[in-house]
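1. When you get a sec, could you give me coordinates for this:
(one chain, ligands or ions: 1)
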Amino acid sequence: MAEEDRHVRGYGTGVDPLVADVAVVGAGAAGLYAALTSAEEGARVALVSRSPLAQTASYWAQGGIAAALARDDSPECHSADTLAAGRAAARPSAVRVLCDESPGRVRDLERLGVSFDADRHGNLALGLEGGHSRRRIVHAGGAATGRRITRELSAAAALHERIEVLEPRAATALTVAGGRCVGLVARSRRGDAVTVLARGTILATGGMAALWRRTTNPPGTVGAGLSLAQGAGAELADLEFMQFHPTALRLDGPRAGFLIPEAVRGEGATLLDATGSRFVDELAPRDEVALAIQARLERDGRPAVMLDMRAVDVERFPNIAAALGEVGLDPRTDLLPVAPAAHYTMGGVACDLCGRSSLPSLYAVGEAACTGLHGANRLASNSLAECFVFGRRAALAACDDPEPSPCAEPGDSDHTRPPSDQTRDALWREAGLRREVAGLRELLTDPFPLARLVAASCLAREESRGAHQRTDHPGTDPALDGAHTLVDSRLQPRFERWT
Ligand SMILES: Cc1cc2nc3c(=O)[nH]c(=O)nc-3n(C[C@H](O)[C@H](O)[C@H](O)COP(=O)(O)OP(=O)(O)OC[C@H]3O[C@@H](n4cnc5c(N)ncnc54)[C@H](O)[C@@H]3O)c2cc1C
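-> Alright, predicted model coming up:
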């Protein structure tokens, strides 16, 4: 497109639209990387970000990126661990793509200036986390991986001549014309709107874990991309699979829900119940550890179990020690009260292996997407890898979409209103670690649309699997192996098997 086409008069809301090749919503790891990849391909990119960097989940990522880089490792071995963690619900083709391509993306990040921690021989230092049979977690600054990556990527995006950053602005609606997505409406805090016209629109808005009362996520992580996609007619999938991280700090105040990562258990931290005894394999996959903790909490009538990090080299985790210090805890001497909290959205906008949603020219990447990769339980550190692997694939696909029609009417409703406190309480209560049918039926009437969709998905899956545990269906139904739950706005769920 020629430079003079950039602002087309008389379009939509009366404000000149910004014409780009690719519109990206969200500036976490997935959005930044997708924006940079598109720009490197020669595309003009509009990057819309609602919040400053510190409010992305990516910024808080502590463990690292899973990639089969060790001599004794292979993409096949990484795939086997991912499929096992996914509880027979992960999509094998998506798993293969992630595990094959993740090492290449780590090398790309190094080229972009991210400096990962090295061992004393100068090789990448690889951490071990729950559910991984090999050391394969690449990290930066100890447990400051997300911070380091987003810092480098956002600096590169801000300087890139083909990336226009619209910040702070929230995408409030997608524009659909001729059966495809042709861009979006982005509003400032004061409410003034900019319309963006683009060949391809990529949602990189993160997950929805902050819809649950207790969460490890920043407060804005409330599924805005899912609401936008749904409002435009795209399908959502697997919303019943919310991962609860086992070891979130169980305190009130500013550090409530602060996550103490698996990597700490990988280095020897143990979990202790009220009698001071260990009760679970600390390096089992997350669903297993979270459920074991929940069972102990219910048995002992306590709000927390204790994480014992006293034998761990705290120097390796300086930002964890600093955060604990803020609330008067010293991991070298104190036991740390921890309990599960909503952490990661395995479901999302239903996508193919290039991030394409069911609405042409609309893509989703990172935690907003559901490629089926994680099945019923995400393997630790596979999500940052997903941001880069599928972020790149979607960016390349979006650049090839046809030019949008300039006479499309932009959407005018706001699909991204925040949830009430009552909704967050209801999701924690009714769609928490263990779910009952009566509570889920009640959740079907919640005023917040995404809460109703979660309830419908939970009710449809009449079994227990990974992160979804029904008290009335405690077993796994083999007939649902490999089945993904799709749900529409009429709350009509159906199952599909994806190749
Ligand atoms: C505490 C913590 C630790 C973690 N540790 C790890 C780890 O070690 N390894 C790992 O692999 N994963 C980890 N995860 C998960 C991982 O960080 C996330 O899955 C991943 O970073 C999600 O990236 P994203 O780019 O999809 O979304 P995010 O990083 O959440 O970014 C979303 C972006 O979208 C923007 N946005 C949202 N709505 C709108 C809107 N309407 N308009 C405009 N912008 C919008 C937000 O402002 C933000 O910029 C961790 C998560 C947490 C919370």
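2. what separates whichever helix or strand F390 is part of from the chain centre, distance-wise?
-> For F390, the enclosing helix or strand under DSSP states H and E is helix 382-399. Helix 382-399 has its C-alpha centroid displaced from the chain centroid by 13 Å (CA atoms, centre = their mean, to the nearest Å).
3. Counting by contacts, list what it packs against.
-> Contacts defined by 3 or more CB pairs under 8 Å, 6 or more residues apart in numbering; DSSP states H and E place helix 382-399 against strand 22-25, helix 29-40, strand 65-66, helix 92-111, helix 145-159, strand 200-203, strand 362-364. Backbone N, C-alpha and C define where each C-beta goes, glycine included.
4. For A186, which of these is the nearest?
-> Distance to A186, taken as CB to CB, is lowest for strand 22-25 among the helices and strands packed on helix 382-399, at 8.0 Å.
5. What is the closest one packed up against?
-> helix 29-40, strand 45-48, strand 180-187, strand 200-203, helix 382-399.
6. quick one: low-confidence parts of the stretch 1-150 of the chain?
-> Applying pLDDT under 70 to the stretch 1-150 of the chain picks out residues 1-15.
7. again, 80 this time
-> For the stretch 1-150 of the chain, the stretches with pLDDT under 80 are 1-16, 52-55, 142-143.
8. Flag every residue of it that's near the ligand.
-> Contacts of the stretch 1-150 of the chain with the ligand, taken as CB under 6 Å from any ligand atom, map to 25-31, 48-51, 55-58, 60-64, 145-146.
9. follow-up on the earlier one: so can I have CSV of the helices and strands packed on strand 22-25 showing distance to T82 and mean neighbour count?
-> Below are the helices and strands packed on strand 22-25 laid out as CSV (distance: least, CB to CB, whole Å; neighbours: other CB atoms under 10 Å):
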stretch, distance to T82, mean neighbour count
helix 29-40, 18, 29
strand 45-48, 30, 29
strand 180-187, 30, 26
strand 200-203, 23, 34
helix 382-399, 6, 27
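10. Next, format the helices and strands packed on helix 382-399 as TSV and append distance to A323.
-> Output for the helices and strands packed on helix 382-399, formatted as TSV (distance: least, CB to CB, whole Å):
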stretch	distance to A323
strand 22-25	29
helix 29-40	21
strand 65-66	21
helix 92-111	25
helix 145-159	12
strand 200-203	30
strand 362-364	31
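11. Give me the contact list for stretch 475-487.
-> 87-89, 91, 235-240, 347, 350, 370, 372, 453, 456-457, 460-465, 493-498 (CB atoms under 8 Å, 6 or more residues apart in numbering).
12. So which of those residues sit within strands?
-> In strands, defined here by DSSP state E, the members of the contacts of stretch 475-487 are L236, A237, A350, C370, P493, R494, F495, E496, R497.
13. contacting residues for the residue of the stretch 351-499 of the chain found nearest the ligand?
-> Residue nearest to the ligand within the stretch 351-499 of the chain (CB to the nearest ligand atom): G366, separated by 2.2 Å. Residues near G366 by CB under 8 Å, 6+ apart: 26, 28-31, 58, 204, 206, 383, 386-387, 390-391.
14. re earlier: from the ones in strands among the contacts of stretch 475-487, pick the one nearest L307.
-> Nearest to L307 out of those is C370 (CB to CB; 30.7 Å).
15. The closest residue to that closest one other than its chain neighbours pairs with what?
-> In this structure, C370 finds its nearest non-sequential neighbour in G348, 3.9 Å apart by CB to CB, 6 or more residues apart in numbering. Beta-bridge pairing for G348 (DSSP bridges): A237.
16. does the ligand sit close to the helix holding F390?
-> Yes - residues of helix 382-399 contacting the ligand under CB under 6 Å from any ligand atom: N382, S383, L384, C387.
17. Ok, stretch 352-364 next?
-> No - judged by CB under 6 Å from any ligand atom, stretch 352-364 and the ligand are separated, with a smallest distance of 9.0 Å.
18. quick revisit: any chance of a markdown table for the ones in strands among the contacts of stretch 475-487, columns distance to D73?
-> Listed next are those as a markdown table, based on distance: CB to CB, whole Å:
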| residue | distance to D73 |
| --- | --- |
| L236 | 34 |
| A237 | 30 |
| A350 | 31 |
| C370 | 27 |
| P493 | 38 |
| R494 | 38 |
| F495 | 34 |
| E496 | 32 |
| R497 | 30 |
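19. For the residues you listed, which PyMOL command selects only the ones that are buried?
-> Of these, the buried ones can be selected in PyMOL as follows, counting by 16 or more other CB atoms under 10 Å:
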select buried, resi 236+237+350+370+493
